[in-house]
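Engineer: Mind looking at a prediction? Sequence and model below.
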Amino acid sequence: MAIAFVVPCYNEAKRTNFEVFKSYESGNSDVKFFFVNDGSTDGTQEVLEKHFKADQVINLPENSGKAEAVRLGMVKVCVDESFTHVGFLDADLATPLSEISEFKNYASMGKKVILGSRILRLGGDIRRKWYRHYLGRLFATVASSLLKLPVYDTQCGAKLFSRIEIKKVLEGTFISKWIFDVELLFRLQKLGTLSLSDFYEIPLSSWEDVGGSRLKVTDFLKAPLELLQLYRRYH
């Protein structure tokens, strides 16, 4: 089993410690990271090219947004048939790389859609701003009802998919800018080839709301309209 994670990057030269990714890769030969430099203007490209091989850095000429950066990165990586699973992670390491071991465990069990989940529970260390938590819970409840999938956390930036399945739904840009994670699930559901048992949510042991996030509270207000657009499009 070989796993690839796409990491979208926009002006991350000073915000992200790329040595963490490099160190993890060195100790885990079955995991490889691919970085999509989304038209950064702060030297992110130079930092990435300093730390990683040329085939691991995908440079976009101008900023296209996280959704398109992730999609284009996954399209490129899915061409490589040596990978059994392809996913994405946030560059800010809000989800620690130590969580990848759990993703690998469930991938080895045959799960085809594996979603990180920021569940507040005893024994977990989930550090999230209170207003984001409650807005996220409200949104996820509505999204899971429309999807008809019991997903607790649709918006966690750590997801892993069977390469064979995910490559089928990457054609065409996302119509959603803020909730492309949900659009991916809509597309996978529309395939009609996955059963409920193919999906699995991993309660993360730790997750931290990293400062400097470009997601604003006002962005949550745009989500309901986008969700309605997605429902109409895919149903």
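Structural biologist: Yep, it's here.

Engineer: In the chain, what helix or strand scores lowest on average pLDDT?
Structural biologist: Ranked by mean pLDDT, DSSP states H and E, the weakest helix or strand in the chain is helix 130-147, scoring a mean of 74.

Engineer: and the helix or strand that it is followed by, which strands flank it?
Structural biologist: Note on helix 130-147: by DSSP states H and E, the next helix or strand toward the C-terminus is strand 159-162. Sheet pairing for strand 159-162, assigned by DSSP bridges, gives strand 85-88 (antiparallel), strand 113-117 (antiparallel).

Engineer: Find the one among those with the highest mean neighbour count.
Structural biologist: Of all those, strand 85-88 has the most neighbours on average by mean count of other CB atoms under 10 Å, namely a mean of 26. No exception for glycine: its C-beta is placed from N, CA and C like everyone else's.

Engineer: what comes into contact with it?
Structural biologist: 1-8, 70, 73-74, 77-78, 103, 107, 114, 157-163, 166-167 (CB atoms under 8 Å, 6 or more residues apart in numbering).

Engineer: Ok, stretch 5-15 next?
Structural biologist: Contacts to stretch 5-15, defined as CB under 8 Å, 6+ apart, come from residues 16, 21, 31-44, 46-48, 63, 66, 69-70, 73-74, 77, 86-92, 100, 160, 212, 214.

Engineer: Which members of the contacts of strand 85-88 are classed as buried?
Structural biologist: Burial of the contacts of strand 85-88 was assessed by neighbour count (16 or more other CB atoms under 10 Å); the buried members are 3-8, 70, 73-74, 77-78, 103, 107, 114, 157-163, 166-167.

Engineer: Looking at strand pairing, list the partners for S206.
Structural biologist: Beta-bridge partners recorded for S206 (DSSP bridges): D125.

Engineer: ok, it - contacts?
Structural biologist: Taking CB under 8 Å, 6+ apart, we find S206 in contact with P96, S98, E99, G124, D125, I126.

Engineer: now it: how far from D80?
Structural biologist: Distance of S206 to D80, given as CB to CB, to the nearest Å: 30 Å.
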